[in-house]
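*Asks:* here is my input, please return the structure:
(2 chains)
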2 protein chains.
Amino acid sequence: MKPSEQRIAEGILFTDFYQLTMAQLYFRAGLHEKQVQFDHFFRDYPDYGAHKAGYCISAGLEWLVDWMQEAHFGSDDVEYLSQQTTRTGQQMFADDFLDWLARNGTFEGITLHAIPEGRVVHPNVPLSVVQGPMIPAQLLETALLNYLNYQTLIATKAARMHHSGRGRLLLEFGLRRGQDKGANAGARAALIGGADYTSNVGISRILGYPPKGTHAHSMVQVYMALGLGELGAFRAYADLYPDDCLLLVDTINSLESGIPNAIIVFEELRRKGHEPLGIRLDSGDLAYLSIQAAKMLDAAGFPNTTITLSNNLDELVIWQIITQIKDEAPRWGVDPDHLINRLAFGAGTRLITSWGEPALGGVYKLVAVCNEEQWVPAIKVSESADKTPNPGHKNAWRLYDLRGKATADLLSKEHEDPRQMDRITLRHPSDHSKSRILERAELSEIEPLLVEIIHEGRLVVDLPSIEQMRQRREADMDRLDPGVRRLVNPHIYHVSLTDGLWKLKQSLVASALDQSQ
Amino acid sequence: MKPSEQRIAEGILFTDFYQLTMAQLYFRAGLHEKQVQFDHFFRDYPDYGAHKAGYCISAGLEWLVDWMQEAHFGSDDVEYLSQQTTRTGQQMFADDFLDWLARNGTFEGITLHAIPEGRVVHPNVPLSVVQGPMIPAQLLETALLNYLNYQTLIATKAARMHHSGRGRLLLEFGLRRGQDKGANAGARAALIGGADYTSNVGISRILGYPPKGTHAHSMVQVYMALGLGELGAFRAYADLYPDDCLLLVDTINSLESGIPNAIIVFEELRRKGHEPLGIRLDSGDLAYLSIQAAKMLDAAGFPNTTITLSNNLDELVIWQIITQIKDEAPRWGVDPDHLINRLAFGAGTRLITSWGEPALGGVYKLVAVCNEEQWVPAIKVSESADKTPNPGHKNAWRLYDLRGKATADLLSKEHEDPRQMDRITLRHPSDHSKSRILERAELSEIEPLLVEIIHEGRLVVDLPSIEQMRQRREADMDRLDPGVRRLVNPHIYHVSLTDGLWKLKQSLVASALDQSQ
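*Replies:* Okay, here's the model as predicted:
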């Protein structure tokens, strides 16, 4: 794509066509400046096939905000739309509508509340809430979903890998397997969710993290083709980077060639006063090979060099490697905990694509319309009750039990404040038979989740740094019940409605069904 | 991401850090301008879990070429690299290396051969071949894989959906579920592979296809919240777009509300002299609902309106819908073929993510190094023989049998021309026991696959239009054996080596193993 084309394809036209056909309809009906509210939420945790998440990590907001502040209808965008024709060859978008778009087609009237990046989030709780005039609010849908769905998906996958890797160094290596420039968003989300660093140089630069990486198999091959062999390659690398010497040992054979050659070079380095960094294994039985590598490195006097593992790692593979090391290492005379502590994990394809569930099903649903200065909650009566969005203006709260662990997220009507309630009825969002009552004394804290980010087009908060997002994620993960956090068959976290919101929803469903008769 | 950051993250630093550490090593060793060759290929067809592809469709090349022509080390990129430090706090990249990069860090010395976009391609055949000085050739790896892997993956998925949908209209709807701006690349690849149109406005604009889409559930909800109901929403839409009236009928209940209301509006349209376009179904049992919709529309005198289906469609879901219509429609008095001919398919998440296999495992392997004016084939001896790349300069050929169907792809040494051979020995790339012999008389055509695209930095071909790529795909699909084309358990297409290339590979493997002793 040429730069001039990129400017077009990533600006205000980074949207679905139906947003524009609907916009003209609202304009023609005089509804274009009517105030509306859309909620953005996901309905289900990522389900990776063999396993399913019990939480997600929100991410993507800052890039959405950046886009909103840039996107507008330029004269060439309007010109392009004026050339669109109907089946009978007439101009599809009328000039008066296009004039309005050119003057008003920005997000200057939008107010955005959102759950900040890095926080633990759950299904059916709005991650973002958009209020504003009909056309801009509707036009925002596609880009908002694009930005928030993907980064939340990847931050979640990274958090799971960080968890299964017991907090050992996690490196994001997925640039070559992402979707075009979307790989940059994936690297950012991985850092928010749990990766410590990324190999992606551009993203590292703009986010202020040092990029990571050493060398590829090709470097060893070059030296082999020149007759200098793997040892020659390792020596050249160690000469140039004596204090950062991490060698990829599996180009020929890890145990018979790579690790012995690495040890020769490590010994040479140490004689010159440098400590080697470690080795990387990128193929084969990584659990077995890391035990053998540890044994060989220990015996050679390098008990603390890093052993970095890569090759299709995800949270289950990492878990399996660690489990096997725990079981097997003692039989080889290797201390398993010491070995695990020296591991690092490089995650490419399966992190950047969220392997097993490559999309988050976030949706953007109309929940309220302001009619003659009165907000009217809106409802969509789908085929199934559990897909019916929760209507109207709402607040989202997190309830912590006396252990300080999150016990439920609660959606209330706008003016309800559960902090003022002595007892709180938590109703299941769709199943009328399920509810529970919590006494205020059973709770240590009730925390509002949504923060006003943009007020009528103006950014009204200081957006956090990536480091602050990471700290927020760690704090939220600590306050998650271990049963919710676990990798497989997690306990299902409760997302509930107050009694007031539940009753509103039921009455709207009933009247929508009436209306459809 | 802010525009200034985007420029950084998508330029020459859109790469993995190890490309730069290796580059400095080659510079220091005096190897930086040594001529090398890398082959790019994938090892396996996408395996979607329940099914596996029998072919891929190449895509992404033009955007890679565009990137290569723009990317270079600006003074700020060099400044950034000069600030990178080692573990001991010293400057990681030396000034003389950075000076060289600033002057020579472009792709002006690169020659690129590739299989053009839109062609059927198979594992282990180079999709692209890069020759040039060591540093630029190595630096190109990450971006090349990023651009070509993803678009090839999506073009392949689109081709499968086009095939299972029997060529009925296929619309790409995935923008909200792609990876950030990568969704634009996905939409482009879908058009190359088999989608007829996309809802993505920006991509439609730059590629010259009309964007497609009508309205969302939210439009119906707005009218319901205003007390005007679904019928009011449909009427408003029909008034504005009388010749392009396609109505989404499942906001309340497709059979009891949406379709009856659509028919009322269609009748009103026809009285005003307009023919309605059709309906869209986005939830529920799409096979059953489309039969019922056809029955109702037929009875009302609209036997030719389109029925567009959407909601998590992929090639198996489409196949199942068509199969069920074939079986069930006659029992409802609906002609199945007539119904199938009026269907259109909208594909979002599962197309843009290549659901089931969200990454193509394309790799970039060093296959030759020029040492003192002599090209030396390079080899990487991996753990398994089938992962060992085919060494040296090669040509790639497609062999057609007397039916005109492709029977095998053949890799030869550079100066071998199978068109000059009376009989061709086709050897399995790794299994010495497998070979077959084809007489020239058994073949109708032997076609070279690789085309020179860039000669020493200069584009030397007119890149084809998307429409030309689509035609090329159709022609290649026609020349594929139906057994290779089928959706499930495809016949495995043969990719073979000439006897000459096979012998070269064996001797290199043997000497690499010797060298490692």
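
*Asks:* quick one: contacts for the closest residue to residue A:481 other than its chain neighbours?
*Replies:* Once flanking residues are discounted, residue A:481 sits nearest to residue A:405: 5.0 Å by Cβ to Cβ, 6 or more residues apart in numbering or on different chains. For the C-beta atoms, the positions are set from N, CA and C on the backbone; glycine is no exception. Taking Cβ atoms under 8 Å, 6 or more residues apart in numbering or on different chains, we find residue A:405 in contact with A:479, A:480, A:481.

*Asks:* quick check, the second one in contact with residue A:56.
*Replies:* Okay, so that is residue A:480. No: with contact defined as Cβ atoms under 8 Å, residue A:480 does not reach residue A:56; the gap is 11.3 Å.

*Asks:* I'd like the mean pLDDT over the strand ranked longest in chain A, please.
*Replies:* Using DSSP state E, we find that the single longest strand of chain A is strand A:362-371. Confidence for strand A:362-371, expressed as mean pLDDT, is 93.

*Asks:* same check on stretch A:211-225?
*Replies:* Model confidence over stretch A:211-225, given as mean pLDDT, is 93.

*Asks:* what's the first-to-last distance across that stretch?
*Replies:* Criterion Cα to Cα, to the nearest Å; first-to-last residue distance in stretch A:211-225 is 29 Å.

*Asks:* count of neighbours near residue A:437?
*Replies:* 10 (other Cβ atoms under 10 Å in any protein chain shown).

*Asks:* and the contacts of the helix or strand where it lies?
*Replies:* Using DSSP states H and E, residue A:437 maps to strand A:435-439. Contact partners of strand A:435-439, identified using Cβ under 8 Å, 6+ apart, comprise A:399, A:407, A:408, A:422, A:423, A:424, A:425, A:426, A:427, A:428, A:494, A:496.

*Asks:* nearest spatial neighbour of the third one, chain-adjacent residues omitted?
*Replies:* Taking Cβ to Cβ, 6+ apart as the measure, residue A:408 lies nearest to residue A:494, with 4.0 Å between them; neighbours along the chain are not counted.

*Asks:* likewise for the second one?
*Replies:* The spatially closest residue to residue A:407, leaving aside those adjacent along the chain, is residue A:401, at 4.4 Å (Cβ to Cβ, 6+ apart).

*Asks:* quick check: mean pLDDT of the helix or strand following the strand holding residue A:437?
*Replies:* Next along the chain after strand A:435-439, taking DSSP H and E as the criterion, comes strand A:443-448. Computed over strand A:443-448, the mean pLDDT rounds to 98.

*Asks:* tell me what strand A:443-448 is packed against?
*Replies:* Using 3 or more Cβ pairs under 8 Å, 6 or more residues apart in numbering or on different chains; DSSP states H and E, the elements in contact with strand A:443-448 are strand A:394-401.

*Asks:* list the contacts of the strand it packs on.
*Replies:* Strand A:394-401 has contacts (Cβ under 8 Å, 6+ apart) with A:39, A:115, A:125-126, A:129, A:367, A:406-414, A:416-418, A:424, A:438, A:442-450, A:479, A:501.

*Asks:* do the same with stretch A:320-335
*Replies:* So stretch A:320-335 is in contact with A:164-166, A:286-288, A:290-292, A:294-295, A:298, A:309, A:336, A:339-340, A:343, going by Cβ under 8 Å, 6+ apart.

*Asks:* can you flag the buried ones in those residues?
*Replies:* Taking 16 or more other Cβ atoms under 10 Å in any protein chain shown as the criterion, what is buried in the contacts of stretch A:320-335 is A:164-165, A:286-287, A:290-292, A:294-295, A:298, A:309, A:336, A:339-340, A:343.

*Asks:* of those residues, which is the nearest to residue B:354?
*Replies:* Closest approach to residue B:354 among these (Cβ to Cβ): residue A:164, at 25.1 Å.

*Asks:* for chain B, see how far away the closest one is.
*Replies:* Distance of residue A:164 to chain B, computed by Cβ to the nearest Cβ, to the nearest Å: 20 Å.

*Asks:* beyond the helix of greatest length in chain A, next helix or strand please.
*Replies:* The longest helix of chain A (DSSP state H) is helix A:141-164. Sequence order places strand A:169-172 as the next helix or strand after helix A:141-164, per DSSP H and E.

*Asks:* what pairs with that next one, parallel or antiparallel?
*Replies:* As defined by DSSP bridges, the strand partners of strand A:169-172 come to strand A:197-198 (parallel), strand A:343-347 (parallel).

*Asks:* so of the contacts of stretch A:320-335, which ones are in strands?
*Replies:* Per DSSP E, those map to strands at A:309, A:343.

*Asks:* the residue found closest to residue A:298 once you drop the neighbours it is linked to in the chain is in what secondary structure piece?
*Replies:* In this structure, residue A:298 finds its nearest non-sequential neighbour in residue A:334, 6.9 Å apart by Cβ to Cβ, 6+ apart. Per DSSP H and E, residue A:334 falls between elements, in no helix or strand.

*Asks:* hang on, the earlier thing: closest to chain B out of the contacts of strand A:435-439?
*Replies:* Closest approach to chain B among the contacts of strand A:435-439 (Cβ to the nearest Cβ): residue A:428, at 22.0 Å.

*Asks:* helices along the stretch 1-150 of chain A, start to end?
*Replies:* Using DSSP state H, counting those that start in this stretch, the helices found in the stretch 1-150 of chain A span residues A:3-9, A:17-28, A:61-70, A:75-82, A:95-104, A:134-139, A:141-164.

*Asks:* what comes up buried for stretch A:197-210?
*Replies:* A:197, A:198, A:199, A:200, A:201, A:202, A:203, A:204, A:205, A:206, A:207, A:209.

*Asks:* quick one: the residue nearest the centre of chain A from residue A:347, how far?
*Replies:* Centroid check for chain A by Cα atoms, centre = their mean gives residue A:152 as the closest residue, at 2.3 Å. In this view, residue A:152 and residue A:347 are 17 Å apart by Cβ to Cβ, to the nearest Å.

*Asks:* ok, residue A:239 next?
*Replies:* Where residue A:347 is concerned, residue A:239 sits at a distance of 30 Å (Cβ to Cβ).

*Asks:* look at the two and report which has more neighbours.
*Replies:* Between residue A:239 and residue A:347, counted using other Cβ under 10 Å, the more crowded position is residue A:347 (31 against 16).

*Asks:* OK, contacts around that one?
*Replies:* A:158, A:161, A:170, A:171, A:172, A:173, A:174, A:190, A:195, A:310, A:313, A:314.

*Asks:* I'd say the fourth one and residue A:204 touch.
*Replies:* Yep, that's residue A:171 we're talking about. No: if you go by Cβ under 8 Å, residue A:171 and residue A:204 don't touch, sitting 11.1 Å apart.

*Asks:* identify the contacts common to these two.
*Replies:* A:197, A:198, A:212.

*Asks:* right, and the second one touches residue A:185 too?
*Replies:* Translated: residue A:198. No: using Cβ under 8 Å, residue A:198 is not in contact with residue A:185, being 11.8 Å away.

*Asks:* how about residue A:88, phi and psi?
*Replies:* phi -100, psi 10 (degrees, to the nearest 10).

*Asks:* once you drop chain neighbours, what's closest to it?
*Replies:* Residue A:88 sits nearest to residue B:243 (Cβ to Cβ, 6+ apart), 4.5 Å away.

*Asks:* what is the neighbour count of the one you found?
*Replies:* 18.
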